[in-house]
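Asks: What follows is a predicted structure for the sequence shown.
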Amino acid sequence: MKIVVCVKQVPDTEAEKRLLPDTLTVDRESSNPVLNEMDEFAIEEALKLTEAHGGEVVVLTMGPDGADAAVRKALSMGAHSGILLSDPALAGSDAVATSYAIAQALGTTEYDLVILGSEASDARTSLVPAMLAERLGLPQLTFASKVEIDGTSITVNRLTDYGHDVVQAQLPAVVSVVEKINEPRYPSFKGIMAAKKKPVAALDVAAAGIDAALVGQAAAATTVVDAAQRPPRSAGVKVTDEGDGGVKLAEFLSAQKFI
Amino acid sequence: MSFVEPEERVALRQAVRDLAKRYGPDYVRRQAKAGLKSTELWDEVGRAGYLGVSLPEEHGGGGGGIADLAAVGEELARAGCPLLLIVVSPAICGTIISRFGTEAQKQKWLPGIADGSFKMAFGITEPDAGSNSHNITTTVRRDGDEWVLTGQKVFISGVDESDAVLVVARTKDAATGNLKPALMVVPTDAPGFTKTMIEMEIAGPEKQFQLFFDDVRLPADALIGDEDAGLLQLFAGLNPERIMAAAFAVGTAKYALDRAAEYAKTRTVWRDRPIGTHQGVAHPLAQAAIHVELAKVMTQKAAWLYDSGDDFGAGEAANMAKFAAADAAVEAVDQAIQTHGGNGLATEYGLAPLLAATRVTRIAPVSREMILNFIAQHTLGLPKSY
């Protein structure tokens, strides 16, 4: 089985993110680039599946120069090879264009399964997995908290507000995973040493068969019109318990329509 | 030697940081308070292969060097959750066995040391042989196919959580005169082996012990390497110890400076300006940061020399690095506490325990006075003073 894991390099999750004032895109210089945390769960799931069923894991990323660090991290965790899709024409692509570009890049390789993290910690749209499945014409099994493969059949627990649905499809398919699914491994020292020697194929828009007119900021279907700092958190309500703390708590929750 | 670390070591540091972040100082404090060890952290670091980075690949290690292991030790300390026994089990014992052990001994001990499932403490200091190792009196004699060990040791770290102790003894034939060390692997459950905990004012999960060997019988293969190999194989382990102690001090100093900078950026006393804007606060921290960085570069040099096979050059550099790192760590912790004012000694801020933890690095594993003696004699060519 061949699994492609799509990963994204994002600004450090814990750092405060800034937007560039002129383009309103993320200022990538303002913080350390890291592998999107949710993608580590996708990599872990792919590694576990290939450990159980055999096969290989290919990690694919689209990003600027330096995004290969995200691929190396995945390779150090145990993925077998990488694909780095990088081209100035892709800068500023929105989710629609990104799904198109990734779908085209996936056309350069074979796969039985595509796994993604269910969202990236920078934009947090959760759109790309579903759009990608649509572009590829494959079943989408999103927000998976459990994945099982039996022959060519794949079953996932799909996380919902009320618990989970059990969703089944035939491979090939596109899966996005949530944090509940596993505990990602740390790259071993041997993995780190081996990662450098693993093959990473470099693609530009031409090599991936991407129409440059359909990607990048100019082609974006959405536009960021304005951005503002989130206002500082305001002080909450403090209730001193004078024997009526329970009542006050219930009143508060009731006023907020929690109960 | 490059002043920029190879990308693999940068990745190793990041991986250790990511792992250690989940533990941090609260974990260590909680374990120590409950009388427990840093077992989960040790095991996880071991499983990821970080304890064994410097040991040979064919014996379960990572095939890297002491520079890699020092990076692991430094990052753990920087995250506020150092593992003292890294200095001992992989760095001293693992190195000595991998360099001087027989193939059978390597196969027997190294895989467990590398993945952390087997911990080996190290025993050299005796009540009358601290700085002067030539006064060691712990003796081992042959009895048929076996060895019999008698004597005692003091200030031995982590014996209660170790499976064995690598004991520096003398053979009966060389019981007096300059030390000709015989390095013996002594299981902690061997009959005749007893330990007494030494109460210390150092708050950490790792404890100190006095050890007694009362005719402890050991198998023939308990002797690591050659009884005639002399001091070389001992120093093969002691230089990594100094490098690791320096890395521990650097990491702890950086941890203290991180805390101090964080506090100085947020604490305001006058006119809504953080105290970090006051040069009386900022400059001493900046000065400490300079000393820490200098110590770190020296530590990297020592590790580089050691990994390149230059034992003598590494000895001088490791001594200098340990000396500089200890002083830098003491300075950084002192200034971090000063920055915090009263909070610096409040339990909540966790800085006060670092006073003892860093102060000890000026004493152990080799005192600053003995380092100065060494530098005076070997670097400056001055007459030996003792």
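Replies: Perfect, thanks for sending it.

Asks: From now on I want contacts and neighbour counts done on CA atoms only, so please keep to that.
Replies: Will do.

Asks: Name the residues of chain B found near chain A, please.
Replies: Residues of chain B lying close to chain A (C-alpha under 8 Å from any C-alpha of the partner chain) are B:Glu8, B:Ala11, B:Leu12, B:Ala15, B:Leu19, B:Ala48, B:Gly49, B:Tyr50, B:Val53, B:Gly62.

Asks: The fourth one should be in a helix, yeah?
Replies: Yes. With DSSP: H, G, I helix; E, B strand; the rest coil as the criterion, B:Ala15 is part of a helix.

Asks: which of the residues of chain B next to chain A lies closest to chain A?
Replies: Distance to chain A, by C-alpha to the nearest C-alpha, is smallest for B:Ala48 among the residues of chain B next to chain A, at 4.7 Å.

Asks: What separation is there between the closest one and B:Glu241?
Replies: Look at B:Ala48 and B:Glu241: by C-alpha to C-alpha, to the nearest Å, they are 22 Å apart.

Asks: Mind checking which of the two has more residues around it?
Replies: Comparing B:Ala48 with B:Glu241 by other C-alpha atoms under 10 Å in any protein chain shown, the one with more neighbours is B:Glu241, at 28 against 22.

Asks: for chain A, what spans make up the strands?
Replies: Ranges of strands in chain A, per DSSP state E, are A:2-7, A:9-11, A:33-35, A:56-62, A:81-85, A:113-117, A:140-150, A:153-160, A:163-170, A:173-177, A:200-203.

Asks: Those strands: which one's closest to B:Cys81?
Replies: Across these, B:Cys81 has its closest neighbour in strand A:33-35 (23.0 Å, C-alpha to C-alpha).

Asks: in which helix or strand would I find B:Gly280?
Replies: Counting by DSSP states H and E, the element that carries B:Gly280 is helix B:279-307.

Asks: what about stretch A:10-19 and chain B, touching?
Replies: No. Interface with chain B: stretch A:10-19 contributes nothing (C-alpha under 8 Å from any C-alpha), its closest point being 12.2 Å away.

Asks: List the contacts of that stretch.
Replies: Outside stretch A:10-19, the residues within contact range by C-alpha atoms under 8 Å, 6 or more residues apart in numbering or on different chains are A:25-28, A:30-37, A:120-122, A:227.

Asks: ok, back up a step: can you put the strands of chain A in a markdown table and add mean neighbour count and mean pLDDT?
Replies: Shown next, in a markdown table, are those (neighbours: other C-alpha atoms under 10 Å in any protein chain shown; pLDDT from 0 to 100):
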| stretch | mean neighbour count | mean pLDDT |
| --- | --- | --- |
| strand A:2-7 | 25 | 98 |
| strand A:9-11 | 24 | 91 |
| strand A:33-35 | 19 | 90 |
| strand A:56-62 | 24 | 97 |
| strand A:81-85 | 23 | 97 |
| strand A:113-117 | 26 | 98 |
| strand A:140-150 | 20 | 96 |
| strand A:153-160 | 18 | 96 |
| strand A:163-170 | 14 | 96 |
| strand A:173-177 | 26 | 97 |
| strand A:200-203 | 16 | 96 |
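
Asks: possible to save those as TSV with distance to B:Asp311?
Replies: Conversion of these to TSV gives the following (distance: least, C-alpha to C-alpha, whole Å):
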stretch	distance to B:Asp311
strand A:2-7	45
strand A:9-11	42
strand A:33-35	38
strand A:56-62	43
strand A:81-85	39
strand A:113-117	49
strand A:140-150	53
strand A:153-160	57
strand A:163-170	61
strand A:173-177	51
strand A:200-203	39
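
Asks: just to revisit the earlier point, among the contacts of stretch A:10-19, who's most crowded?
Replies: In terms of neighbours by other C-alpha under 10 Å, the contacts of stretch A:10-19 top out with A:Leu35 at 24 neighbours.

Asks: so it makes contact with A:Leu75?
Replies: No. Contact criterion C-alpha atoms under 8 Å: A:Leu35 and A:Leu75 do not qualify, at 11.7 Å.

Asks: what number of residues lie near whichever residue of the stretch 201-350 of chain B sits closest to chain A?
Replies: Proximity to chain A, evaluated over the stretch 201-350 of chain B using C-alpha to the nearest C-alpha, is greatest for B:Glu262 at 14.0 Å. B:Glu262 has 12 neighbours, counted by other C-alpha under 10 Å.

Asks: and it, what pLDDT?
Replies: Per-residue pLDDT puts B:Glu262 at 97.

Asks: What is the neighbour count of B:Lys21?
Replies: Around B:Lys21 there are 16 residues (other C-alpha under 10 Å).

Asks: How much space separates it from B:Gly80?
Replies: 9 Å.

Asks: Could you pull out the helices in chain A for me?
Replies: Using DSSP state H, the helices found in chain A span residues A:37-53, A:68-77, A:95-106, A:128-136, A:189-195, A:205-208, A:245-255.
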